[in-house]
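Trainee: Sequence and computational prediction follow.
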Amino acid sequence: MSQTATRVGARHGHSFDLKKYLETRTEAVNRALDAYLPPASTRPATIHKAMRYSLFAGGKRMRPALCLAAAEACGGNESAAMPLACAVECVHTYSLIHDDLPAMDNDDYRRGKLTNHKVFGEGIAILAGDALLTQAFAIAAEFRPTPRYSHDQIFRELTHAGGSLQLIAGQVADLEGEGRKLSASQLRYIHERKTSALLCCAVRLGGMSANCPAPQLKALTDFGHNVGLAFQIIDDILDITQTSEHLGKTAGKDTAAKKATYPSIVGLEKSRRIAKRLTNRAFEALKIFRGRASALEALAIYLLQRDR
Ligand code: GRG
């Protein structure tokens, strides 16, 4: 974690120890994921090893952290939000395994390790992604409904964000856009679906676990949408400015694949300004929480300033 991002959140006159926050939340999420998944030795062991290989490969756990922080902002607690935080991380990890396949981005490294198909072969990697996606719904079913939010609503959130109107739509547009000149609005269409939808889903689910009223859910939606867009712009910037070793995945792939990105359309400096503007909009959305959203604020700053 970069030095600037370890203590943030001075907006309310106090600093927030994000490093500690992320350490404790990551440990709790890892423990919960470990308990939710079949042990690696469960027959057929290959698939359970493959699922666990990518899930515990050292991801930043940003979506679970955002989910838990959103629950806190709405006065909820970690244990109520945990199944939803873990479900989103399983959907995210499945999407990374499939994105890395030769038929898609054809990547050899992810999270600093060989990609799933490089270790287990393409067939098992496809199945590990499928199994993680399915497991996400089994984990989400552990959520205890609140007066405002039923299981139906929780499943609709996940299926919408991960389905053919959002995550998959973004990936389709991304695949079809390769090598083509895209406008800024076409690029935004991709970012909103490929990246922002699942981040937004994570914070909304956190709010729902805390039985948040509609205005708070709307605020979390605005926050997640803007942070998600900023997150992808920063991801595109890092693809150009950082090394593969530092990122733990192949850098420079966007340029090599002639992929349209914000830096390629508007340049690095303007891309940074846009990411900052989006983060400021995300802060605006948090006003409704009257200082109770320090963790969300700190995460938004970290995501803007991150270097991996
Ligand atoms: C295959 C259905 C399907 C979708 C793939 C995830 C994805 C969509 C593509 C991967 C490439 C990419 C740029 C995705 C946008 C979201 C993103 C930046 C993912 C990486 O998230 P991080 O940085 O990863 O949070 P870690 O490994 O830290 O969890």
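Mentor: Perfect, thanks for sending it. Numbering: from 1, shown residues only.
Trainee: Show me which residues of the stretch 1-150 of the chain sit near the ligand.
Mentor: Within the stretch 1-150 of the chain, the positions near the ligand by C-beta under 6 Å from any ligand atom are 59-60, 62, 95-96, 98-99, 111. To be clear about C-beta, it is placed using only N, CA and C from the backbone, and glycine gets the same treatment.
Trainee: Tell me where the chain has strands.
Mentor: 7-8, 16-17, 109-110, 113-114 (DSSP state E).
Trainee: Now the weakest link among those, please, by mean pLDDT.
Mentor: Confidence, taken as mean pLDDT, is least for strand 7-8 of those (a mean of 49).
Trainee: Please produce CSV containing the residues of the stretch 1-150 of the chain next to the ligand, extended by pLDDT and neighbour count.
Mentor: Below are these laid out as CSV (pLDDT from 0 to 100; neighbours: other C-beta atoms under 10 Å):
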residue, pLDDT, neighbour count
Gly59, 94, 20
Lys60, 94, 16
Met62, 97, 21
Ser95, 98, 20
Leu96, 98, 20
His98, 98, 22
Asp99, 97, 18
Arg111, 86, 19
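Trainee: Nearest the geometric middle of this protein, what residue?
Mentor: Note on the chain: the residue nearest the mean C-alpha position is Arg63, at 4.2 Å, using C-alpha atoms, centre = their mean.
Trainee: ok, that one - contacts?
Mentor: When contacts are counted by C-beta atoms under 8 Å, 6 or more residues apart in numbering, Arg63 touches 85, 88-89, 92, 198-199, 202.
Trainee: residues from the stretch 151-300 of the chain in reach of the ligand?
Mentor: Counting by C-beta under 6 Å from any ligand atom, the residues of the stretch 151-300 of the chain that sit close to the ligand are 167-168, 171, 194-195, 232, 235.
Trainee: Of the residues you listed, which belong to helices?
Mentor: Secondary structure defined by DSSP state H assigns 167-168, 171, 232, 235 of these to helices.
Trainee: picking up where we left off before, could the residues of the stretch 1-150 of the chain next to the ligand go into TSV alongside distance to Gly206?
Mentor: As requested, these are arranged in TSV below (distance: C-beta to C-beta, whole Å):
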residue	distance to Gly206
Gly59	18
Lys60	17
Met62	13
Ser95	19
Leu96	21
His98	25
Asp99	25
Arg111	23
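Trainee: I'd like to know which of the residues you listed is nearest to Gly177.
Mentor: Gly177 lies nearest to Asp99 out of those, by C-beta to C-beta, at 14.5 Å.
Trainee: Give me the neighbour count for the closest residue to that closest one other than its chain neighbours.
Mentor: In space, Asp99 comes closest to Asp105 once its chain neighbours are excluded; the distance is 5.2 Å by C-beta to C-beta, 6 or more residues apart in numbering. One way to gauge burial is a neighbour count; for Asp105, by other C-beta atoms under 10 Å, it gives 21.
Trainee: How about Ala256?
Mentor: A count of neighbours around Ala256, defined by other C-beta under 10 Å, yields 10.
Trainee: Glu27 too?
Mentor: Using other C-beta under 10 Å, Glu27 has 11 other residues around it.
Trainee: per-residue pLDDT, it?
Mentor: Residue-level pLDDT assigned to Glu27 equals 98.
Trainee: before we move on, what about Tyr21?
Mentor: Taking Tyr21 on its own, its pLDDT is 97.
Trainee: right, and it touches Ala298 too?
Mentor: Yes. Under the contact definition of C-beta atoms under 8 Å, Tyr21 touches Ala298, with a separation of 6.9 Å.
Trainee: who has more neighbours, these two?
Mentor: In this view Tyr21 and Ala298 are compared by other C-beta under 10 Å, and Ala298 has more residues nearby, 26 against 20.
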